[in-house]
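Undergrad: I need the structure of the sequence given here:
(chains A and B)
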Amino acid sequence: MTVTASKSHYQSEEFARRLRGRYAAERNFKIAGIAALALASMMLVVLLTSIVSKGYTAFQQAQVRLEVTLDKAMVEERNYTAILRQALYAQFPQITDRTGKRTLNELLSSGAPYELEALVKQNPAIVGTTQTVWVRADDEVDQFVKGNFPRTAPESERRLNDAKIAAIDAMTAKGTLVQAFNTTLFSAGDSREAEQAGIWGAIVGSMLTLMVTMLLSVPIGVAAAVYLEEFAPKNKWTDLIEVNINNLAAVPSIIFGLLGLAVFLGFFGLPRSAPLVGGLVMALMTLPVIIISARVALKSVPPSIREAALGIGASPLQTVTHHVLPLAMPGILTGTIIGMARALGETAPLLMIGMVAFIVDIPHGLTDSATVLPVQIYMWADSPERAFTERTSAAIMILLGFLILMNGLAVFLRKKFERRW
Amino acid sequence: MQITVLVLILALLTVSGFQMGRSRAVASVGGRLVELHSVPSYHGFYVALWAGLPALFLFALWTASEGWLIMRMVMSALPDRLVAGDPQTLNLLKADILNIAHGISTGRDVDPAVTAAAAHYNSLRAISDWSLLAIGASLAVAGLAYGRQCISPDLRARNRVERVVNIGLVICSMVAILTTIGIVLSLLFEALRFFSVVSPIDFLLGTHWSPQMAMRADQVGSSGSFGVIPLFTGTLLITAIAMIVAVPVGLMSAIYMSEYANPNVRTWLKPILEILAGIPTVVYGFFAALTMAPFVRSIGHSIGLDVSSESALSAGIVMGVMIIPFVSSLSDDVINAVPQALRDGSYGLGATKSETIRQVVIPAALPGIVAAIMLAVSRAIGETMIVTMASGLTANLTANPLDAVTTVTTQIATLLVGDQEFDSPKTLSAFGLGLVLFVVTLSLNMVALRVVQKYREKYD
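TA: Sure, this is the predicted structure:
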């Protein structure tokens, strides 16, 4: 009886409709999941392509070839601007009026005389001879050559007037204005002129900061993890430390900047903008990350290892330093690298301690004024010039390159040394 | 320079102390190591600690007190007419002396007495550095000699070294606590100074934010009012937009990855989210300001809406994208923690996979998911770079996502960037904002951690 009844029930139109509805809901739910992941991946792709498409051109820079006559008197007067201009005018014998010459002057970077000066300093024998040199073009010329300023716009709306464009075209045709690899980007510090601005100063600043961070946070973090995991008694006090570390890991990074400003700069009177202070702040910030990952790594070492070591008479400290720590090392290293990668990309706390200053010189020590790569990106992003946008994107690409390298190393270490007990 | 030399000397003495201690321990028993209480290397560490630690303490103490002491000596040597001012001018004077001493131009005409003080400062500093080098090095040598002299077969070197190491470990684990105390004290201390100028009630309940203080009485447009309500609403607006993006996408990604995706697909999908999580916030900020904001603006224009170029919407969307991996990895953990038996029971009753997820897995994982969302909210509130770069500076009290709003973190960042007097209410207000931010995020985290802990106990 019931069997037949239920059979008819399962075959009913209503049941079939409900079942179709349930399967449709199932399908929709699955599609929603795929859509969510697709959206996330799409955002990643959009983000990366927008940065690469904006930034890849920054690795090239327009350069001008000039036949300069290094007149001895002019070199002694350090009048390199005039030397360069003479060489430039020589390429355009038809231009003789002041306006025309001024237009030509604007083709060269304002840093070009210094380039020439450096060349002469490097090789004083060339004074008095005629040399072929390549100097940087102005950033607007560079952007025009790269096609970022449309040629078709009416002259009044263009950043370059017709005369300038004519000169650029003539030089391009002659081969005296070409795109070459942008070495300045990798060798110079910051500058107000886009064509003279580079990220080397920021990279050195980042390295110095990261060095301080690593030297402080890794030993302290690992020691704290060892204590909490291996030696600490289970009581209120260690509970407090644990809760504290977990909370500290979630404190907004800008708060650490305020701490650095009030304590390191205000109380201890350390210098502003110094990698030393940046490193200290970052060390406090990454400490919880390192402690947490080191504890996980220590926890994954099986107790049998400890018992075996203790059993043959090792002291607890010997057990840890001779056996547990070496076995946990790959895990600790992975956590450390990830923590360092985070510190490398961090910006907000460094703004608080004055690393946002405009610094042209490459820092040489821990107390020199310096900036770091993310802060350099932040500062360049504020500049309205098209050439800076391009360089910001290039700097981002380099920063991401470093981060991918570090994370790749972490993944590699994890894969290579991962051990199942 | 002297400090580098001192560090090198210390390193050298410690290493040689280790060698000396070890060889002396071996020699003291004539090579019959069984007669030693501890292994020779422990004797080595013992001597090395004696050589290194006292000098290191001196070094720490010296550098902590040096600047303050020297400044006091310099100030006391200054003529009375300079020292007579109120604390604020005194601080300015100190900063001037420091700047000149470090060779930085102050950009003002400088009193010759101040220049002389800077020279005095530099000479005292040099004396201090040299004496630190001399005293530190001799202390290390003395420690080395003493430690070496202590070595005997009966010396309980292992116990003593381990005691010191243990104390070191405890100190290291206290750094986290000290950091928290440092944060609380520095925020509280500066915020109290701020609240002595601006009443906390005006601060927390005021609806007008314009931190420009009037320098002169007749200055126009610098009202100096510190009402944080517009900052809160701005923060909440952007956070809400970010959550609208991040929670559904993050949660659905987590569900798909843990319930539907096969392991092969997972190994491909996980890294995508990890890359999103690893991108620095300044990059997101750049993306929000230069790609997302114009895009949102042009879309708004095409459907006839007036969108601000620094709209809350674009900053919120990008922040949401940033938080997706955060939500998804936390929810992934809690979804995986739901016992398989619950799912099997649901399947056994004839439920489809999505019904099981919606009616069994999610309710079971709900406390964890709520905690994840709370952590994500706290993260969004504390995020600085995206909003600094992509949202405005004007404090609008509005709920319209197309308007420009400003946030607590943006204000902290802009108030403290650049040249500033440390004592004006304008800069101090940043610490007041920081305190509020710290309290809000801390309580969100505390509650979230509590919820997670409670939830964990349920299934273990």
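
Undergrad: so what's the residue count around A:Ile95?
TA: Per other C-beta atoms under 10 Å in any protein chain shown, the neighbour tally for A:Ile95 reads 17. Where you see a C-beta, it was placed from the backbone N, CA and C, and this is true even at glycine.

Undergrad: show the contacting residues for it.
TA: A:Tyr89, A:Lys101, A:Thr103, A:Leu104, A:Ala167 (C-beta atoms under 8 Å, 6 or more residues apart in numbering or on different chains).

Undergrad: excluding its backbone neighbours, what's nearest the residue in the stretch 251-400 of chain A positioned nearest to chain B?
TA: Closest residue of the stretch 251-400 of chain A to chain B, C-beta to the nearest C-beta: A:Pro252 (2.5 Å). The shortest distance from A:Pro252 to any non-neighbouring residue, by C-beta to C-beta, 6 or more residues apart in numbering or on different chains, is to B:Gly382 (2.5 Å).

Undergrad: what about A:Met379, how many residues close to it?
TA: 19.

Undergrad: next, it: secondary structure please.
TA: Recorded secondary structure, A:Met379: helix (DSSP: H, G, I helix; E, B strand; the rest coil).

Undergrad: which residues does it contact?
TA: Counted by C-beta under 8 Å, 6+ apart, A:Met379 has contacts A:Asp190, A:Val356, A:Phe358, A:Thr371.

Undergrad: filter those down to the ones close to chain B.
TA: A:Val356 (C-beta under 8 Å from any C-beta of the partner chain).

Undergrad: farthest pair within the contacts of A:Met379?
TA: The largest distance within the contacts of A:Met379, taken as C-beta to C-beta, falls between A:Asp190 and A:Val356 and amounts to 11.1 Å.

Undergrad: which residues are in contact with both of these two?
TA: With C-beta under 8 Å, 6+ apart as the test, A:Asp190 and A:Val356 both reach A:Thr371, A:Met379.

Undergrad: just give the number of residues close to the spatially closest residue to A:Ala357 that is not a sequence neighbour.
TA: Excluding its sequence neighbours, the residue lying closest to A:Ala357 (C-beta to C-beta, 6+ apart) is A:Ser273, at 5.0 Å. Using other C-beta under 10 Å, A:Ser273 is surrounded by 22 other residues.

Undergrad: residue contacts, A:Ser273?
TA: Contacts for A:Ser273 were tallied using C-beta under 8 Å, 6+ apart; they are A:Ile353, A:Gly354, A:Met355, A:Ala357, A:Ile359, A:Ser369, A:Ala370, A:Thr371.

Undergrad: what do you get for B:Pro280?
TA: For B:Pro280, the contact set (C-beta under 8 Å, 6+ apart) comprises A:Leu344, A:Gly345, A:Glu346, A:Thr347, A:Pro374, A:Leu399, A:Leu403, B:Met385.

Undergrad: now do the phi/psi pair for the fourth one.
TA: In this case it means A:Thr347. The phi/psi pair for A:Thr347 (degrees, to the nearest 10) reads phi -120, psi -50.

Undergrad: that one against B:Phe286, yeah?
TA: No. Using C-beta atoms under 8 Å, A:Thr347 is not in contact with B:Phe286; the gap is 10.7 Å.

Undergrad: which neighbours do the two have in common?
TA: A:Ile377.

Undergrad: tell me, how many residues neighbour the residue in the stretch 1-150 of chain B that chain A sits nearest to?
TA: Closest contact between the stretch 1-150 of chain B and chain A, by C-beta to the nearest C-beta, is at B:Gly67 (4.8 Å). By the criterion of other C-beta under 10 Å, B:Gly67 has 16 neighbours.

Undergrad: quick one: contacts for it?
TA: Counted by C-beta under 8 Å, 6+ apart, B:Gly67 has contacts A:Phe268, A:Gly269.
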